[in-house]
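**Student:** Build me a model from this:
(chains A, B, C and D)
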2 protein chains.
Amino acid sequence: MSETNEIKVAVDAIVFGYQQNTLFVLLVKQKFGQMKGTWVLPGGFVLKHESLIEAVTRELQEEAGIQVNYLEQLYTFGDNIHRDPRFRVISVAYFALVNPNNFALVEQNDTDAEEAQWFAIDRIPRLGYDHNEIIKVAHQRIKNKLTYQPIGFDLLADEFPFSDLESLYTIILEQDIDRRNFRKKILSLGFIEETDTLVANTGSGRPARLFRFNKDTYNQLLSKGFHFEIKFA
Amino acid sequence: MSETNEIKVAVDAIVFGYQQNTLFVLLVKQKFGQMKGTWVLPGGFVLKHESLIEAVTRELQEEAGIQVNYLEQLYTFGDNIHRDPRFRVISVAYFALVNPNNFALVEQNDTDAEEAQWFAIDRIPRLGYDHNEIIKVAHQRIKNKLTYQPIGFDLLADEFPFSDLESLYTIILEQDIDRRNFRKKILSLGFIEETDTLVANTGSGRPARLFRFNKDTYNQLLSKGFHFEIKFA
DNA sequence: TACATTTGCGTAAAAATTACACAAATACAT
DNA sequence: ATGTATTTGTGTAATTTTTACGCAAATGTA
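**Tutor:** Numbering: from 1, shown residues only, chains lettered A, B, ... in the order given. Got it, this is the predicted structure:
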């Protein structure tokens, strides 16, 4: 029974960002140890006196100087006994999103991670531990979640043109959607507000109106039993 | 960093069973320690050389002599630092279902748990640790999952009358449904087979035909992109 | 000022969901 | 054996939701 003392508890974060019509994942390069030089998910061991959530946010701060604006528990990886070759470690993985405001990475000193960097989801190198698998699970999660929770707005700026939302969906779901039906459906939900700002696109084309996700309205609807759902043919 | 050694890893299981139109949860009575006599979820510490899944199945066997027929990870509870007053413990909770074949509890000797017992979901006593909260999460999970995955069949016998499936849904979702529309929808999915067995009900009434869930057919549909979904007015 | 590019918008057809009531088969009581 | 209570089994019309689809407006650039 006391053997459980020898199991270490880690947290890891899969942080998604969205820029230039691309979905990115945040990775850090290991600075010390036998894994030195390999890319891994930001994360580390949980301290005895901190909660799991505190541990992830601390690690994200330390290793990448980043603040996420959506965070939820993803899955706990502990079935592969040798996922860490050094010790028996179970890792509680967290799923996080950052919007363009927080996309920038701040250089940190004095940490395990030499550098942090964004990688396009389809250009992830071979990672340390079982982190490639963890990313697969997270990738599936973001795809599913996009259809039944309004998390897309956590990847966009506060105000965004409709086409951004649309391409975010097509890119993450890897699926074409009908522009007109998409717009109709989204607007019918009732929590997307039209602003009166117009922005010109780079290149040519008619300027686009900016929209805003109203979280309060969304929460009100939620409490009335509303259920978000976006599906396409 | 080495402080993580002092975090213990436990697993707990929320096992649901369905009998006599009632949803039950499996609990065990603590036999030793300062919690002696209080009811808790079946579970215990993870051994160094076993996977998380192995730990749960072992504990279920040891404490209740039960074999489940659906098992998935639910959530890892580790934000309340004092959820266990003795040590810092994080618990990986598992969500399980048993069908009527495996509902019977087998007496075990030599374990931490004095006895195991089924409790109706709305008659759960005050439990040890944070287990009442864990059950709440699991309860929500079963409600959600029932609508987007065919887990109801893991709570029913291999062959079942349609009315059983129907009342399972009404009871777990706490919501009335239209018998005709429900039957129509379910049968239209294409993976529920009609048997040619008729069974008389206890009491009076027209005998009911038995149906069977065809998992193979369901899996084939899944791989073709089919998406299970049951909604009601 | 013509051309390319992007935004913005409506309607008709098809599909899915909802609402709704009565007959058939049995057990039980008389 | 007959009537009554109980449970299973079934169809259709109205409504709502989803799908398919094309052209005009506003800009930048050559």
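**Student:** Now do the SS call for the residue in chain A that DNA strand C sits nearest to.
**Tutor:** In chain A, the residue that lies nearest DNA strand C is A:G205 (2.2 Å; C-beta to the nearest atom of the strand). Where C-beta positions appear, they are placed from N, C-alpha and C, glycine not excepted. Here A:G205 takes the coil state, with states given by DSSP: H, G, I helix; E, B strand; the rest coil.
**Student:** if I look at it, how far off is A:L187?
**Tutor:** 21 Å (C-beta to C-beta, to the nearest Å).
**Student:** how many other residues sit next to the residue of chain A closest to DNA strand C?
**Tutor:** 9 (other C-beta atoms under 10 Å in any protein chain shown).
**Student:** Backbone dihedrals for it, please?
**Tutor:** phi 120, psi 160 (degrees, to the nearest 10).
**Student:** Just the pLDDT for it.
**Tutor:** On pLDDT, A:G205 comes in at 94.
**Student:** got it, and A:A113?
**Tutor:** pLDDT, read off for A:A113, is 52.
**Student:** now swap in A:K231 and tell me
**Tutor:** Looking at A:K231, the pLDDT reads 88.
**Student:** One more: A:G44?
**Tutor:** 96.
**Student:** Repeat that for A:N5.
**Tutor:** You'll see A:N5 listed with a pLDDT of 64.
**Student:** Equivalent analysis for A:L105, please.
**Tutor:** Confidence score, pLDDT, at A:L105: 84.
**Student:** Apart from its chain neighbours, what residue comes closest to it?
**Tutor:** Using C-beta to C-beta, 6 or more residues apart in numbering or on different chains and skipping the chain neighbours, the partner closest in space to A:L105 is A:A116 (5.0 Å).
**Student:** Tell me, how many residues neighbour the one you found?
**Tutor:** A:A116, neighbours per other C-beta under 10 Å, totals 22.
**Student:** Look up phi and psi at it.
**Tutor:** phi -120, psi 150.
**Student:** That one contacts A:I66, doesn't it?
**Tutor:** Yes. Contact criterion C-beta atoms under 8 Å: A:A116 and A:I66 qualify, at 7.4 Å.
**Student:** okay, and the common contacts of the two?
**Tutor:** A:L26, A:L105 (C-beta atoms under 8 Å, 6 or more residues apart in numbering or on different chains).
**Student:** Only the buried residues of the strand ranked longest in chain A, if you could.
**Tutor:** Using DSSP state E to define each element, chain A has its longest strand at strand A:7-19. In terms of neighbour count (16 or more other C-beta atoms under 10 Å in any protein chain shown), strand A:7-19 has its buried residues at A:I7, A:K8, A:V9, A:A10, A:V11, A:D12, A:A13, A:I14, A:V15, A:F16, A:G17, A:Y18.
**Student:** ok, now stretch A:160-168?
**Tutor:** Quick answer for stretch A:160-168 (16+ other C-beta under 10 Å): A:F160, A:P161, A:F162, A:D164, A:L165, A:E166, A:L168.
**Student:** Likewise for stretch A:165-178?
**Tutor:** Buried, per 16+ other C-beta under 10 Å, within stretch A:165-178: A:L165, A:E166, A:L168, A:Y169, A:I172, A:L173, A:I177.
**Student:** Just confirm the second one is within a strand.
**Tutor:** No. In this structure, A:E166 is helix, not part of a strand, as judged by three-state DSSP.
**Student:** My understanding was that it contacts A:Q175; is that so?
**Tutor:** No. If you go by C-beta under 8 Å, A:E166 and A:Q175 don't touch, sitting 11.6 Å apart.
**Student:** picking that back up, restrict the buried residues of stretch A:165-178 to contacts with DNA strand C.
**Tutor:** Contacts with DNA strand C within the buried residues of stretch A:165-178, counted by C-beta under 7 Å from any atom of the strand: none were found.
**Student:** Pick out the most distant pair among these.
**Tutor:** A:L165 and A:L173 (12.3 Å; C-beta to C-beta).
**Student:** who's in contact with A:L221?
**Tutor:** A:L189, A:G190, A:F191.
**Student:** Please apply the same query to A:F103.
**Tutor:** So A:F103 contacts A:G17, A:Q19, A:W118 (C-beta under 8 Å, 6+ apart).
**Student:** what do you get if the cut-off is 6 Å, keeping everything else the same?
**Tutor:** Contact analysis of A:F103 by C-beta atoms under 6 Å, 6 or more residues apart in numbering or on different chains lists A:G17.
**Student:** Kindly indicate which of the contacts of A:L221 lies nearest B:V137.
**Tutor:** Distances from B:V137 to the contacts of A:L221, taken by C-beta to C-beta, are shortest for A:F191, at 26.4 Å.
**Student:** Next one: A:L23 from DNA strand D, what distance?
**Tutor:** 23 Å (C-beta to the nearest atom of the strand, to the nearest Å).
**Student:** Mind listing the residues bridging to that residue?
**Tutor:** Using DSSP bridges, the bridge partners assigned to A:L23 are A:Y18.
**Student:** And the pLDDT for it?
**Tutor:** 98.
**Student:** Just to check, it is in contact with A:I121?
**Tutor:** Yes. Using C-beta atoms under 6 Å, A:L23 is in contact with A:I121, at 4.6 Å.
**Student:** Which one's more surrounded, these two?
**Tutor:** A:L23 (20 against 17).
**Student:** Next to DNA strand D, which bits of chain A? Give me the list.
**Tutor:** A:178-181, A:184-185, A:198, A:200, A:203-207, A:229, A:231-233.
**Student:** Can you tell me which of those residues are buried?
**Tutor:** Using 16+ other C-beta under 10 Å, nothing in the residues of chain A next to DNA strand D comes out buried.
**Student:** Spell out which parts of chain A neighbour DNA strand C.
**Tutor:** Residues of chain A lying near DNA strand C (C-beta under 7 Å from any atom of the strand): A:161-163, A:179-181, A:183-184, A:198, A:201, A:203-209.
**Student:** what about 6 Å?
**Tutor:** Taking C-beta under 6 Å from any atom of the strand as the contact definition, chain A meets DNA strand C at A:P161, A:F162, A:S163, A:R179, A:R180, A:N201, A:G203, A:S204, A:G205, A:R206, A:A208, A:R209.
**Student:** From the rest of the structure, what touches the helix-or-strand element of chain A with minimal mean pLDDT?
**Tutor:** Every helix and strand of chain A was ranked by mean pLDDT, DSSP states H and E. The lowest is strand A:113-120, at a mean of 86. Residues from elsewhere that reach strand A:113-120 (C-beta under 6 Å, 6+ apart): A:T22, A:F24, A:V25, A:L26, A:L27, A:V28, A:K29, A:K31, A:E63, A:A64, A:L105.
**Student:** One more: stretch A:17-31?
**Tutor:** With contact meaning C-beta under 6 Å, 6+ apart, stretch A:17-31 is reached by A:15, A:36, A:38-40, A:42, A:63, A:98, A:103, A:112-121, A:155, A:167, A:171-172.
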